[in-house]
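In: After the sequence you'll find the predicted model.
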Amino acid sequence: MVWGDQVFVVSGVPVAGGRRGTLDFTLFCFERNTGALRWKSVAVTAAPHEPTHSTNNFAPASPCTDGQHVYAHFGSRGLYCFTMAGEKVWSRVDFGKMRARNQFGEGSSPTLSGDRILVPWDHEGPSALYSLDKLTGKTVWKAERDEPTCWATPRVIEVQGKKQVVMNGQTCARSYDFETGKELWRCGGQTERPVASAVASEDLVFVGSGFRGSFLAAFRPDGTGDIEGTEHVVWSVDRDTPDSASPLLSGDRLYFFKAKLGILSCFDATTGDPHYTSVRVPGLNGMIYSSPIAANGNVYLTDRNGTTVVIRDTEKFEVVSVNRVGETVDATLAPVDRELFVRGEKHLFCFSSDLAK
């Protein structure tokens, strides 16, 4: 996560000489221009209460900031608020122990909006969505959810001048009133253990999943109650929908992978008409965890082998270039100004179009 001249990264670092499995859950701040470490702050030292998937780690959530504070979420180890200089302001360590499905580990990230920070807490136990005061960490509201494990991140949208919080879920995609936490609408049809986060245009919100089934739909978010089968479901598809990677909305084009594969589709976001479907992206041979991004007229597609294929952001599939960093990449790439930040398994990379000149 980049803000100004700083880049923030979280990690669980093994404690030297400590008890086996004990980690320092740490927030790192790097100089944007040089990559030099500016500071690091240990939020907590702890041993995770259960294992994680072989492709996951114990600090998978992305940090977020409003330019005044940085928020680092370590799931069952707590949510921590720091100053931009790395001083701890407050913490919340009372969410309990998350029990992820099949011990696949944790992964949802919090979302900052206005004076709130939204914390998703779906697991194999009492699930909920929390809205906290970002200055104090105190709970504003808690919406209980009848959902098993979900790794999606909340999406805040505005409808008729009021904010909604949209969440994916195995039982239903749902929207909550931003101020009160009241459920506004829901729609079934999602597949098991959803991971992909919602994306939204001015008029529509798109939610999908692709494990042991396929479902992706465009919803008009001004409905109420159960909107399944109503005019508020504008269009839907039931094949080749994304699993771990979230869809990408760029202009009026919606891009998404099939499951965890490098097989790409592009749809008209308003009508649901396909521009192209199930195109195997040449060069992408590994599984896909990283979500596609758009920048400078292109779309960037990255697999776990660390290969990024760049295609034109148009209705026609056209490869621009293929690039490799030589190590595993699970995180979504972050374009900022004329730079592209890539978090690999062992390194943090910054690519600059200015340097290329």
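Out: Yep, it's here.
In: quick one, strands of the stretch 51-200 of the chain?
Out: In the stretch 51-200 of the chain, the segments counted as strands under DSSP state E, counting those that start in this stretch are 64-65, 69-73, 79-83, 88-92, 111-113, 116-121, 127-133, 139-145, 155-159, 162-167, 173-177, 183-187, 199-200.
In: The fourth one to strand 127-133, inter-axis angle?
Out: This points to strand 88-92. Between strand 88-92 and strand 127-133, the angle formed by their directions is 150 degrees, by axes from the mean of the first three to the mean of the last three Cα atoms, to 10 degrees.
In: The third one now?
Out: When the same axes, to 10 degrees is applied, the directions of strand 79-83 and strand 127-133 differ by 20 degrees.
In: Mind giving me the packing neighbours of strand 79-83?
Out: Counting by 3 or more Cβ pairs under 8 Å, 6 or more residues apart in numbering; DSSP states H and E, the packing neighbours recorded for strand 79-83 are strand 37-46, strand 69-73, strand 88-92. Any C-beta I mention is one placed from the backbone N, CA and C, and that applies to glycine too.
In: Direction included, what does the longest one pair up with?
Out: In the sheet containing strand 37-46, the strands it pairs with under DSSP bridges are strand 23-31 (antiparallel).
In: ok, back up a step: can you tell which of the helices and strands packed on strand 79-83 is closest to residue 187?
Out: When those are ranked by distance to residue 187, counting by Cβ to Cβ, first place goes to strand 69-73 at 27.2 Å.
In: what's in contact with that closest one?
Out: The contact list for strand 69-73, computed with Cβ atoms under 8 Å, 6 or more residues apart in numbering, reads 3, 8, 10, 25, 27, 29, 43, 61, 63-65, 79-84, 89, 109-110, 112, 117, 119, 134-135.
In: Is residue 309 in contact with residue 286, as I believe?
Out: No. In this structure, residue 309 is not within contact of residue 286 by Cβ atoms under 8 Å, at 11.5 Å.
In: gap between the two ends of stretch 92-107?
Out: The straight-line separation of the ends of stretch 92-107 (Cα to Cα, to the nearest Å) is 17 Å.
In: which parts of that stretch are buried?
Out: Across stretch 92-107, burial judged by 16 or more other Cβ atoms under 10 Å covers 92, 95, 98, 100, 101, 104, 105, 106, 107.
In: Which phi and psi values does the second one adopt?
Out: In this case it means residue 95. As for residue 95, its main-chain torsions (degrees, to the nearest 10) stand at phi -70, psi -20.
In: how much space between the nearest residue to it once chain neighbours are set aside and residue 59?
Out: Nearest residue to residue 95, sequence neighbours excluded (Cβ to Cβ, 6 or more residues apart in numbering): residue 121, at 6.0 Å. As defined by Cβ to Cβ, to the nearest Å, residue 121 lies at a distance of 17 Å from residue 59.
In: Please apply the same query to residue 86.
Out: Relative to residue 59, residue 86 is positioned 16 Å away (criterion: Cβ to Cβ).
In: out of the two, which sits in the more crowded spot?
Out: Counted by other Cβ atoms under 10 Å, residue 86 and residue 59 do not tie: residue 59 has more neighbours, with 24 against 16.
In: ok, residue 111 - contacts?
Out: For residue 111, the contacting residues are 64, 117, 118, 153, 154, 155, 156, 165, taking Cβ under 8 Å, 6+ apart as the criterion.
In: Mind doing that once more with 6 Å?
Out: When contacts are counted by Cβ atoms under 6 Å, 6 or more residues apart in numbering, residue 111 is found next to 118, 154.
In: Going forward, the N-terminal residue is numbered 24.
Out: Okay, using 24 as the starting number, the last item reads as residue 134.
In: Mind listing the residues bridging to it?
Out: Partner residues in beta bridges with residue 134, using DSSP bridges, are residue 141.
In: now residue 103
Out: In this entry, residue 103 is beta-bridged to residue 95, residue 114, by DSSP bridges.
In: just residue 65 next, same as before
Out: Per DSSP bridges, residues listed as beta-bridge partners of residue 65: residue 49.
In: And for it, the neighbour number?
Out: Here the count is done by other Cβ under 10 Å, and residue 65 has 15 residues near it.
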